[in-house]
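**Q** Kindly return the folded structure for what I paste below:
(one chain, ligands or ions: 2)
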Amino acid sequence: MHEDTVVGIIGGQGWMGRSLGLAWLEQGLRPPERLVISSRSGGDAYRDWPEVRCVQDNRALVDLADVIVLSVRPQDLERVDIDAGDKLVISLLAMASCQTVASRVGSQRVVRAMPNAAAEIHRGYFPWYATAQVSDVERRLVQTLLESCGTARELPKESALDYLTALSGAGPAYPALLAQSMLDHARHSGIADDIALEAVMQTLVGGSLLLEREGADPGDMVERLIAYDGTTAKGLRAMIDGGFNGILHSGLEAAHEAAKEA
Ligand SMILES: NC(=O)C1=CN([C@@H]2O[C@H](COP(=O)(O)OP(=O)(O)OC[C@H]3O[C@@H](n4cnc5c(N)ncnc54)[C@H](O)[C@@H]3O)[C@@H](O)[C@H]2O)C=CC1
Ligand SMILES: O=C(O)[C@@H]1CCC=N1
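**A** Ligands and ions are numbered 1, 2, ... in the order given. The predicted structure is shown next:
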């Protein structure tokens, strides 16, 4: 990335926009004077970076920026009235294809990326797809900008992004649902709230870190614990026989359907 490159984030005070913007500042990827933020809702996410330019007018942002990140809710896209010309536009929007974004912003150099909530702690997952007009140099820039908040991966086909919106885009919600269900059961089993919460959180975080370190197929761990044939196996068999996979898959399917552009 050229040292003079100015990056603008439309919606930069929002959850994903500020996750990226602050990561770039904290990691030195962009000096504050090379970052421009616009947001309809105001906000003070950049209060510690006074040289960051916060503007109200998206057209002013487009004039100032070389690369434009679009980080508004899908339903707000139609109100983003800009002409990005031949500039690179990186869209974080769910349910909005590259073609839809290109038609809206007036540039054919579009990247569509699908972040997730863990971007906030730089453990996100960013699959992304670029239109043919995006150059190799720009693709390297995109990869650098996105992996500031976790893991980023360029996809060969845009079509996978609808499914990944459901799988990884929404994904951080699934451990939260699992934790909530485990907590409910622990409390109904007479475990004190503080112990129940500590047990659930340590178990889910520790178990995830163990999976990450093992690096193996998670199914191997499931099979290994079933083969161990202890109390864990009794629980796993009851969950699997009780329809766990079917319920999870139906949820992923519902989210996938919702992610498809209308
Ligand atoms: N939050 C998440 O976990 C994920 C979000 N996404 C996508 O990221 C995008 C941003 O989502 P969030 O950051 O969660 O939303 P958010 O609601 O936190 O932030 C959106 C920001 O855009 C601003 N905005 C709206 N219209 C505007 C306009 N015309 N001009 C300038 N700013 C405007 C709002 O004021 C707000 O600050 C969405 O398209 C969403 O689908 C994708 C995956 C995960
Ligand atoms: O829930 C949503 O609509 C956004 C897009 C995928 C994850 N969060």
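
**Q** residues near Gly12, how many?
**A** By the criterion of other Cβ atoms under 10 Å, Gly12 has 28 neighbours. The C-beta positions use only the backbone N, C-alpha and C, and glycine is treated the same way.

**Q** phi, psi of Val111?
**A** phi -110, psi 130 (degrees, to the nearest 10).

**Q** With Trp128 instead?
**A** phi -150, psi 160.

**Q** Please apply the same query to Ile90.
**A** Dihedral angles (degrees, to the nearest 10) for Ile90: phi -110, psi 110.

**Q** does it really touch Ala65, like I thought?
**A** No - applying Cβ atoms under 8 Å as the test, Ile90 and Ala65 come out as separate, 10.9 Å apart.

**Q** Name the residues of the stretch 101-250 of the chain found near ligand 2, please.
**A** Along the stretch 101-250 of the chain, the residues adjacent to ligand 2 under the rule Cβ under 6 Å from any ligand atom are Thr165, Gly169, Ala170.

**Q** got the contact list for stretch 57-72?
**A** Residues from elsewhere that reach stretch 57-72 (Cβ atoms under 8 Å, 6 or more residues apart in numbering): 4-12, 14, 16-17, 20, 36-38, 40, 53, 55, 77, 80-85, 87-93, 101, 105, 107, 141, 145.

**Q** In helices, which of these fall?
**A** Met16, Gly17, Leu20, Val101, Val105, Leu141, Leu145 (DSSP state H).

**Q** follow-up on the earlier one: which of the contacts of stretch 57-72 are close to ligand 1?
**A** Checking the contacts of stretch 57-72 against ligand 1 (Cβ under 6 Å from any ligand atom), the matches are Ile10, Gly11, Gly14, Met16, Gly17, Ser38, Arg40, Val80, Leu92, Leu93.

**Q** got the residues of the protein near ligand 1?
**A** Proximity of the chain to ligand 1, by Cβ under 6 Å from any ligand atom, involves residues 10-11, 13-17, 38-41, 58, 71-74, 76, 79-80, 92-94, 114-117, 169.

**Q** Weed out the non-buried ones from those.
**A** 10-11, 13-14, 16-17, 38-39, 58, 71-72, 80, 92-94, 114-117, 169 (16 or more other Cβ atoms under 10 Å).
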